[in-house]
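In: just to be clear, the model below is a prediction. Sequence and coordinates:
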Amino acid sequence: MRGLLGREGRSTLGGVVAANASGPRRVQAGACRDSLIGMRFVTGEGVVVKNGGRVMKNVTGYDLVKLMAGSHGTLGVLSEVAFKLLPVPEAEATLALEGLSHSRAVEAMAAALGSPFDVTGAAHWPGRGTYLRLEGFSASVDYRAERLAALLAPFGAVAPVASPWAAIRDVKPFHGRAGDVWRLSVKPSDAPGLVALMAAEVLLDWGGGLIWALVEEGADLRARLPGLKGHATLVRASAETRRRLPTFQPQPAPLAALSAGLRAKFDPRGILNPGLMA
Amino acid sequence: MDMPTPNPAVLARKARIVERLLGVLPKDAVIHEEAETRAYECDALTAYRCPPLAAVLPRTTAEVSAVLRICHAEGVPVVPRGSGTSLAGGALPTADCVILGVARMNRVLETDYDNRFIRVQSGRTNLSVTGAVEADGFFYAPDPSSQLACAIAGNIAMNSGGAHCLKYGVTTNNLLGVTLVQMDGTVLEIGGAHLDPEGLDLLGVICGSEGQLGVVTEATLRILPKPEGARPVLIAFDSNEVAGACVSDIIKAGVLPVAIEFMDRPCIRACEAFAHAGYPDCEALLIIEVEGAPAEIDAQLALIAGIARRHNPVEIRESRSEEEAKKIWLGRKSAFGAMGQINDYMCLDGTIPVTELPHVLRRIGELSAEAGLEVANVFHAGDGNMHPLILFDANKPGDLQRCEALGAEILKLCVEVGGCLTGEHGVGIEKRDLMTVQFTDADLEAQLRVKDVFDPAWLLNPAKVFPLRVTEGRRAG
């Protein structure tokens, strides 16, 4: 997110876990929290707690590992994390379609993700292309690329292209551009309708389930999307805008009460990231 | 195994409680005659039984909410129950509890192939979720052995796995959202058709909480397109160690089979005698299944066979037809039935780092000899999820206790080598008292505090998961 936020420095694994940050492979491999199998953290009271472990399957006691992932440091300070690792795929191929509308792009991505060809990335970069990624052993990738191209033929010409995935992960199109950046998680087929209401430049990932939106400074994007099913997070904005608009989607009262209750138990004095996620 | 003393005040108010429940549910949904409540006296951990005060079988979220409001007001403990297939005693009643069974809530509410999810009522059985989408080329991935009978509600409570979770993950990795009714009757919607619910990951902590945080009445589940095909290969070895090393090498090579199942000699023999699958007479065998198009399957199997050959296998048996594939799976799939025919057995479920497999199998053999009870091993080797089956005779006085003592030693061994007490069955009552082997008081306190938030009165499945002495003050309060 450095490029998007215009920051320097390097991200840490602790930060990645705290934000449950996941890239394009999320659609197939799961979120950051799905690869996380154990951790140690320190509560607001200074108590060291271990949860999970270093085995792939573990249902012993409550899964606090999941609760801590994505808690943005509000429940404890993560000191150790353990991940499940996968072998690096031998080969990767990306197929691209050009000139699709948002809704045709989402349909094409749904067709690909609903196929047995194990698509590990599905993104729509308006003006550039609609991209689908395959990974694995080379012979298998070749075979699936051929089958997938045939499946997608009704959507237009399909061509292999160089990997765009790092740029998509980093939300490259919005780097150095004026305006606020929002990140929305939605049902993929809702994406085209929502984009139409946004008056924003967008980048769609996760088959349409993840919308990155660049809007004019200070705009309340949530107000343009009444009844949104999913959630909108304000990722990049001025301090002035942040004073007016909460970073995270406000929750219904009973859910907010549970979250507040958990924070009070793990950090009774409210010293961990006060104000965030509140 | 102790259970808390039933609350005499609740027992004394039975008539009034039943009357209130009958006020919000149809007559046939409230079971309170003593002869009938016996149907709910245990789950699949049949060694322990206790009829509940009453059992209710609601059909809607609103009915569940009404029941919980009453129980909350009356201070009655509630034990949620899916299909009652828990091997850990997760649905074992106490005499003062109401069993809340979701078995009648089994409807499919929505299927959506474009967005790849299905929304069901939580009493629906695991296999019938796949059944609802199979004809359209989709499936629901978690596949516990009990999948024909077990309910999604129980799968969520225990975060169930199955043979194929090596590739597709367990329940928590395939759960998108739930409707949860809290103990005070509040109905919550968490998550949905989108990925990664907003705010704290409540869904992540609800999954696997063994019915202690709320009652899940509806679930949104991720469904996946069916692979083009699948085929198993059977590889026989003359030592457990070598079979274990072969598993490690396969994983390291980058092949991701959907399943790697391991059986040791006692288990092979029992299955052979029972199912006549034609297994080789060997120390250990692996059944490895891969998926894809025919050419992809061939390539993966060739890779696996190449790795296996470096370990001098006794036999590599590939399946050339659907029938041969079935025969390879036949013995494995009948393992539990085969064991049940020889003897009573207790099925453990500790998970270990895969590299510890040879050491742990050797130690289990030693512990088994010391205890004088036979142990057969059949398990998901790819993810280190062991299933030692301890054979005993329930009619022989003292045998159950000896079996439980051996089970405890084996689970301690799993923790000692860096593993855990349970990989997919859950803690229930069975492993409750071993929790302090794996966790410090501070580790447990952090978990208890989560329950404090969701269920401050500690009425939901209160005698499970944690040692009773640890929860005593909370349950009383």
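Out: That came in fine, so what should we check first? Remember, it's a predicted structure, so these values are computed and weren't measured experimentally.

In: in the stretch 1-150 of chain A, which residue sits nearest chain B?
Out: residue A:66 (2.5 Å; Cβ to the nearest Cβ). For glycine as for every other residue, the C-beta is placed from the backbone atoms N, C-alpha and C.

In: secondary structure element holding that residue?
Out: helix A:64-68 (DSSP states H and E).

In: so what's residue B:254 up against?
Out: A:87, A:88, A:89, A:90, A:137 (Cβ atoms under 8 Å, 6 or more residues apart in numbering or on different chains).

In: swap in residue B:38?
Out: So residue B:38 contacts residue B:51 (Cβ under 8 Å, 6+ apart).

In: so it, which of the three states?
Out: helix (DSSP: H, G, I helix; E, B strand; the rest coil).

In: one step back: my guess is the residue of the stretch 1-150 of chain A closest to chain B contacts residue A:33, does it?
Out: Yes: with contact defined as Cβ atoms under 8 Å, residue A:66 reaches residue A:33; the gap is 5.3 Å.

In: which one's more surrounded, those two?
Out: With neighbours defined as other Cβ atoms under 10 Å in any protein chain shown, residue A:66 and residue A:33 compare such that residue A:66 has more, 27 against 21.

In: per-residue confidence at the more buried one?
Out: On pLDDT, residue A:66 comes in at 98.

In: next up, the contacts around the closest residue to it other than its chain neighbours.
Out: Nearest residue to residue A:66, sequence neighbours excluded (Cβ to Cβ, 6 or more residues apart in numbering or on different chains): residue B:204, at 2.5 Å. By Cβ under 8 Å, 6+ apart, residue B:204 lies in contact with A:33, A:63, A:65, A:66, A:67, A:69, B:172.

In: got it, and residue B:12?
Out: Applying Cβ under 8 Å, 6+ apart, no residues qualify as near residue B:12.

In: measure it to residue B:6 for me?
Out: Going from residue B:12 to residue B:6 by Cβ to Cβ, to the nearest Å gives 10 Å.

In: may I have the secondary structure class of the residue at minimal distance from the centre of chain B?
Out: Nearest to the geometric centre of chain B sits residue B:425, at 3.2 Å (Cα atoms, centre = their mean). Under the three-state scheme (three-state DSSP), residue B:425 adopts coil.

In: quick check: phi and psi at it.
Out: Residue B:425 has phi and psi values of phi -90, psi -30 when expressed as degrees, to the nearest 10.

In: how many residues are close by residue B:277?
Out: 19.

In: sorry, slip of the keys, the one I care about is residue A:251.
Out: Neighbour number of residue A:251 under other Cβ under 10 Å is 20.

In: and it, how far is that from residue B:316?
Out: 55 Å.

In: low-confidence regions, the chain specifically.
Out: Assuming you mean chain A. Applying pLDDT under 70 to chain A picks out residues A:278.

In: not quite, go with chain B.
Out: Residues of chain B meeting the criterion pLDDT under 70: B:476-477.

In: domain ranges for it?
Out: What automatic domain parsing lists as the domains of chain B is B:8-103, B:108-225, B:230-336, B:343-416.

In: show the end-to-end separation of the second one, please.
Out: The reference is to domain B:108-225. End-to-end span of domain B:108-225 (Cα to Cα, to the nearest Å): 18 Å.

In: what's the offset of it from the middle of its chain?
Out: Centroid separation for domain B:108-225 versus its chain: 14 Å, with Cα atoms, centre = their mean, to the nearest Å.

In: report how many residues lie close to residue 259.
Out: Picking chain A for this. Residue A:259 has 21 neighbours, counted by other Cβ under 10 Å.

In: can you look at chain B instead?
Out: For residue B:259, using other Cβ under 10 Å, the count is 25.

In: I figured it hits residue B:250, correct?
Out: No: counting by Cβ under 8 Å, residue B:259 does not reach residue B:250; the two are 11.7 Å apart.

In: common neighbours of these two, please.
Out: residue B:288.

In: which SS state does the nearest residue to residue A:164 once chain neighbours are set aside fall under?
Out: Among residues not flanking residue A:164 along the chain, residue A:131 sits closest, at 5.5 Å (Cβ to Cβ, 6+ apart). Residue A:131 falls in the strand class when you classify it by three-state DSSP.

In: same deal with the one 3 residues further on?
Out: What three-state DSSP gives for residue A:134 is strand.

In: could you report the distance from it to residue A:95?
Out: In terms of Cβ to Cβ, residue A:134 sits 8 Å off from residue A:95.

In: what do these two both touch?
Out: Shared contacts of residue A:134 and residue A:95 (Cβ under 8 Å, 6+ apart): A:145, A:148.

In: enumerate every residue touching residue A:140.
Out: For residue A:140, counting by Cβ under 8 Å, 6+ apart, the contacting residues are B:292, B:296, B:299.

In: by neighbours, which of those wins?
Out: Most crowded among the contacts of residue A:140, counting by other Cβ under 10 Å, is residue B:292 at 24 neighbours.

In: now the helices for the stretch 1-150 of chain A?
Out: A:2-5, A:13-18, A:26-29, A:32-35, A:64-68, A:102-113, A:138-152 (DSSP state H, counting those that start in this stretch).

In: of these, which is nearest residue B:367?
Out: Among the helices of the stretch 1-150 of chain A, the nearest to residue B:367 by Cβ to Cβ is helix A:64-68 (30.1 Å).

In: neighbours of residue 34, just the number please.
Out: Here I'm looking at chain A. So residue A:34, with other Cβ under 10 Å, has 20 neighbours.

In: switch to chain B, that's the one I care about
Out: Neighbour tally, residue B:34, other Cβ under 10 Å: 7.

In: now it, nearest residue through space, not along the chain?
Out: residue B:51 (6.7 Å).

In: before we move on, back to that, packing partners of the helix holding residue A:66?
Out: Here helix A:64-68 touches strand A:36-42, strand A:48-52, helix B:202-206, helix B:441-454, going by 3 or more Cβ pairs under 8 Å, 6 or more residues apart in numbering or on different chains; DSSP states H and E.

In: okay if I get these as CSV plus distance to residue B:2?
Out: Shown next, in CSV, are these (distance: least, Cβ to Cβ, whole Å):
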stretch, distance to residue B:2
strand A:36-42, 30
strand A:48-52, 26
helix B:202-206, 27
helix B:441-454, 18
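
In: list just the one of those that sits closest to residue A:117.
Out: For residue A:117, the closest of the helices and strands packed on helix A:64-68 is strand A:36-42, at 27.4 Å, according to Cβ to Cβ.

In: wait, does that closest one contact chain B?
Out: No: against chain B, strand A:36-42 shows no contacts by Cβ under 8 Å from any Cβ of the partner chain, the least distance being 8.8 Å.

In: quick one, strands of chain A?
Out: A:36-42, A:48-52, A:77-83, A:91-97, A:119-125, A:129-136, A:158-161, A:180-186, A:201-205, A:210-215, A:230-236 (DSSP state E).
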